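Structure, please.
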Amino acid sequence: MPFSVQHAAARPAPRALFLTCSDSRVVPTLLTGTAPGELHELRTAAHVVPRYRPDAQCPIAATLEFALGALRVPDVILCGHTDCAALSALRADPAPPELPLARNWFTRAAHQPDPDARPTVTGGRTPEERHLLTQLHHLRTYPCVTRRLATRRLRLHAWHYDDRTAELRTWDATARAFRPLDAAAAQFAQARLTSARGGGCGPG
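As a prediction, the model looks like this:
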């Protein structure tokens, strides 16, 4: 057994939760340069994150809670991408008749833009970018997330991957724009993940 795999199996200590689309073109370990055991992955069609509901029996909510409460990951990376097949299919009008469950899930739990959002947040964005920012907003509705954000035990990142050019961009909340995640920024992000690996997040 390769050492890295053996080490990962012996002591799982993921650096981050990587939440992304189930599209086969998106490969989290290739995008981040991480080894087995360094990412806790959560993949859904169109990287959907439903709003928090205390009475919901939701595997996405359970995985998020487990990653923060049990694994104590210090970073959550939400990654969208261009040409999302699931997003296109679920937005089709009329909806594909063979996708009634997926359509119902998407309509009720996924892409529900905040009616109070300022136009500068979503104006001029591509459908994929608007969808990504909506999911980022949904993440912030979870108590396990808000508690850790309030005490600076958690960082949220929104990345957008271009399937055609392999370019990664990250959401800059201060500039309210997507910025290229160039080599320097990627190294900085990797360093932050590495330095946070030993501290993690406490229970909340």
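
Only C-alpha atoms from now on, for both contacts and neighbour counts.
Will do.

what bridges to residue 76?
residue 17, residue 156 (DSSP bridges).

going forward can the numbers begin at 42, since that is how I track them
Happy to do that; since the first residue is 42 now, the last one works out to residue 117.

Looks like it contacts residue 55 (just checking).
No - counting by Cα atoms under 8 Å, residue 117 stays clear of residue 55, with 10.9 Å between them.

quick one, helices of the chain?
Applying DSSP state H to the chain gives helices spanning 44-51, 69-73, 100-110, 126-132, 141-146, 160-163, 168-180, 184-191, 224-237.

Need the residues that contact the second one.
Helix 69-73 has contacts (Cα atoms under 8 Å, 6 or more residues apart in numbering) with 59, 76, 80, 82, 231.

May I see the buried residues of that helix?
The neighbour-count check on helix 69-73 (16 or more other Cα atoms under 10 Å) flags residue 69 as buried.

Check the offset of that helix from the chain's centre.
13 Å (Cα atoms, centre = their mean, to the nearest Å).

Now do it, average pLDDT.
Taken as a whole, helix 69-73 has a mean pLDDT of 91.

where among the helices of the chain is the average confidence lowest?
helix 160-163 (a mean of 42).

what residue lies at the spatial centre of the chain?
residue 119 (1.8 Å; Cα atoms, centre = their mean).

Can you name the residues that contact it?
Contact analysis of residue 119 by Cα under 8 Å, 6+ apart lists 59-61, 88, 173, 177, 197-200.

With residue 104 instead?
Residue 104 sits next to residue 83 when contact means Cα under 8 Å, 6+ apart.

Now tabulate the contacts of helix 69-73 in TSV and tack on distance to residue 221 and neighbour count.
What follows is those, written out as TSV (distance: Cα to Cα, whole Å; neighbours: other Cα atoms under 10 Å):
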residue	distance to residue 221	neighbour count
59	19	21
76	23	13
80	22	22
82	23	19
231	15	16
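
and the end-to-end length of stretch 197-217?
Between the start and the finish of stretch 197-217 there is a gap of 15 Å, counting by Cα to Cα, to the nearest Å.

and it, how far from the chain's centre?
Its chain's C-alpha centre and that of stretch 197-217 lie 11 Å apart, by Cα atoms, centre = their mean.

in that stretch, what's buried?
197-202, 209-212.

what's the answer for stretch 78-95, then?
Counting neighbours by 16+ other Cα under 10 Å, stretch 78-95 gives 78-84, 86-93 as buried.

Now, the residues you listed that are in strands?
Here DSSP state E is the test, and these give 80-84 as lying in strands.

distance of residue 200 from residue 69?
From residue 200 across to residue 69, the span is 11 Å (Cα to Cα).

likewise residue 117?
Noted for residue 117: a distance of 13 Å to residue 69, by Cα to Cα.

what's the overlap in contacts for these two?
residue 59.

Might one say that residue 83 is in contact with residue 68?
No - contact between residue 83 and residue 68 fails when scored by Cα under 8 Å: they sit 11.9 Å apart.

ok, now which ones touch residue 212?
Taking Cα under 8 Å, 6+ apart as the contact definition, residue 212 lies against 198-200, 218-220.

Not counting sequence-adjacent ones, nearest residue to it?
Closest residue to residue 212 apart from its sequence neighbours, by Cα to Cα, 6 or more residues apart in numbering: residue 219 at 4.4 Å.
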